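Peer 1: prediction below, plus the sequence it came from.
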Amino acid sequence: MVMEYNPGIQLLRPRVDFDNQGYWDGIKQHKLIFQKCKYCGLLIHRPRPMCPRCNSMDMEWVPSMGKGTVYSWVNFVYANAAYPGIKVPYLVVVVEMLDGVRIVSNMYDVPPDEIYVGMPVEVVFDDIADDLTLPKFKRREV
Amino acid sequence: MNNIKNRAAIVGISMTKFSKDSERTELYLTCQCIKAALDDAGLTPDDVDGLVKQTDDASDEHAVTSSMGMGNLTYFGESRWGAAPSAMAMRAAMGVATGVANYIVVYRSVNGASKRRMTPSMRTSGQMSTSDLLQWTFHAPFGHMSNAGRVAMIVRRYMHEFGINNDQFGWVPTVCREHGARNANSMFYQKPIAFEDYLKSKMIVEPLRRMDFYEEADAAAALVVTTPERAKDLKQRPVYVLGAAQHMALETEELTSYYRPSISGLPEMGKVGEKIFAMAGVTPKDIKCVQLDDSYGPFVPMQLEELGFCNQGEGVDFCNRGDRIRLGGELPLNTSGGSLGEGHIHGMNHVIEAVRQIRGTSTAQVKDAELVLVASGAGGPASGLILGGKS
Ligand SMILES: [Zn+2]
């Protein structure tokens, strides 16, 4: 069961700005990258102008291993409480990456009755539209 | 002295009826409600020199002053969102304690159900704050926008860590509706539910059901704050602010604090609890009843844990079967019904109800309710109060 969208309803697009552009440029190229402080080495998600640990504004983008586990998850089952552009049911997850940061995303193809906290997952890139790619997650064999 | 214990008292309260459609503008409700709170205190608009409102309230200060004939405002401020009600009272207490104003009105008016608005609120004006930008950029594209979904994500992790079954969340809404059913001002007057009704309630975002969430209401509330010295000359028995605090931590977000080491608690509320108990010089055992933020029912057991009424992970057991949290139990909560059982105006009714308990005028009156705790802003920036009948 792959996540499906309702045609004719506007997709919600990220608001790309100076602070997060590098991240979304990476996603477009099917690369999951995270912000890293060049001074103290802290890995940061979501991107921000300043390192919260050392206050450096000198940042770089580093590749993620692309692997993690489901930290928490919800199942949108009722259309009126979900985004109308996506067909219910759909799963939203918080994934804890092996890199050490967390990311909010969707499960790409796992049915709601199979997901669990701790499920190993890996990133997959969903080209939803010509101008929109999202990082999603699929079950990872271990 | 680095606290505001006994430096302020609540001397007037008022609340409109909760309804699905007030058939009035929000400004109309604001003026009506402030006038009634001043009448309750024995004051007039002329006496008022301070106003405190919620950040997204549609009734701007200049509209209130122009309608009510308040010509001498020396202090006006605001607090944000669900964390606002206790924080607004704190802001008013600070105002009178420092002497920048003498009689400060705190108000909240919202046509949340009918959406009957005089002017569009900030929420619909198209402005995007930095926190909105984070939500739109990293959550919305995945269909994760509703408050229900945001809350459910935290609750799922809480269930996982403490072995909780989501059916167990049903006791808080059941008790809130029991209390609300006694309150003629409530949207749910004489409409209690049974625990089984919760189990039958529609699943919205698994693991949470419709009855885990507030229902929108049209209503307004106002309270009047002054110094304990001035309070002596007024009509009502003063209700003293014994403890007041706000808290925001690293990575605190509005219902989406997913990016910090643990998400199965409400650490901001824990800090608020530490501060207000220390300031008031009392312990959880001294508190006669609590008015907790029940916008989202499953956050109620988490607040009981954070505020020290039980240990971490034991909040759901504390609420089980409702006997300890209903009127007659050891810690009755949300005695007017709260957001789940009275109506949702972002928690202002909880502050009003705490004052009623201390005055002895609640529709679910707790015996000798001399010390009452109010919590606002569960799941984000938080605030809290300890109010008392004696200074
Ligand atoms: Zn750094």
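Peer 2: Happy to help now that I have it.
Peer 1: could you give the number of residues near B:Asp317?
Peer 2: B:Asp317: 16 surrounding residues under other C-beta atoms under 10 Å in any protein chain shown. No exception for glycine: its C-beta is placed from N, CA and C like everyone else's.
Peer 1: the closest residue to chain A within the stretch 201-350 of chain B and B:Glu161, how far apart?
Peer 2: Residue nearest to chain A within the stretch 201-350 of chain B (C-beta to the nearest C-beta): B:Glu206, separated by 3.9 Å. Using C-beta to C-beta, to the nearest Å, we find B:Glu206 at a distance of 17 Å from B:Glu161.
Peer 1: for B:Arg359, which residues are in contact?
Peer 2: B:Arg359 is in contact with B:Gln236, B:Arg237, B:Val239, counting by C-beta atoms under 8 Å, 6 or more residues apart in numbering or on different chains.
Peer 1: are any of those residues buried, and which?
Peer 2: B:Gln236, B:Val239 (16 or more other C-beta atoms under 10 Å in any protein chain shown).
Peer 1: out of the contacts of B:Arg359, which are close to chain A?
Peer 2: With C-beta under 8 Å from any C-beta of the partner chain as the criterion, these include none near chain A.
Peer 1: just send the contacts of B:Arg359 back as CSV, with distance to the ion, secondary structure and pLDDT too.
Peer 2: Formatted as CSV, these follow (distance: C-beta to the ion, whole Å; DSSP: H, G, I helix; E, B strand; the rest coil; pLDDT from 0 to 100):
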residue, distance to the ion, secondary structure, pLDDT
B:Gln236, 54, coil, 97
B:Arg237, 55, coil, 97
B:Val239, 47, strand, 98
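Peer 1: may I see the contacts of B:Arg359 organised as a markdown table, with distance to A:Val88 added?
Peer 2: Compiled in a markdown table, the contacts of B:Arg359 are given as follows (distance: C-beta to C-beta, whole Å):
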| residue | distance to A:Val88 |
| --- | --- |
| B:Gln236 | 51 |
| B:Arg237 | 53 |
| B:Val239 | 47 |
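Peer 1: what residues does chain A have near the ion?
Peer 2: For chain A, the contact set with the ion under C-beta under 5 Å from the ion comprises A:Cys37, A:Tyr39, A:Cys40, A:Leu42, A:Cys51, A:Arg53, A:Cys54, A:Ser56.
Peer 1: which member of those residues is positioned nearest chain B?
Peer 2: For the residues of chain A next to the ion, the nearest to chain B is A:Arg53 (10.0 Å; C-beta to the nearest C-beta).
Peer 1: which residue packs closest to the closest one, ignoring adjacent ones?
Peer 2: Residue nearest to A:Arg53 in three dimensions, not counting chain neighbours: A:Leu42, with 4.8 Å by C-beta to C-beta, 6 or more residues apart in numbering or on different chains.
Peer 1: next, count neighbours for that neighbour.
Peer 2: As a burial measure, A:Leu42 scores 17 neighbours (other C-beta under 10 Å).
Peer 1: that one contacts A:Asn55, correct?
Peer 2: No: judged on C-beta atoms under 8 Å, A:Leu42 makes no contact with A:Asn55 at a distance of 10.9 Å.
Peer 1: and the residues of chain A next to the ion, which of them are buried?
Peer 2: Of the residues of chain A next to the ion, these count as buried by 16+ other C-beta under 10 Å: A:Cys37, A:Leu42, A:Cys51.
Peer 1: thanks a lot, see you next time.
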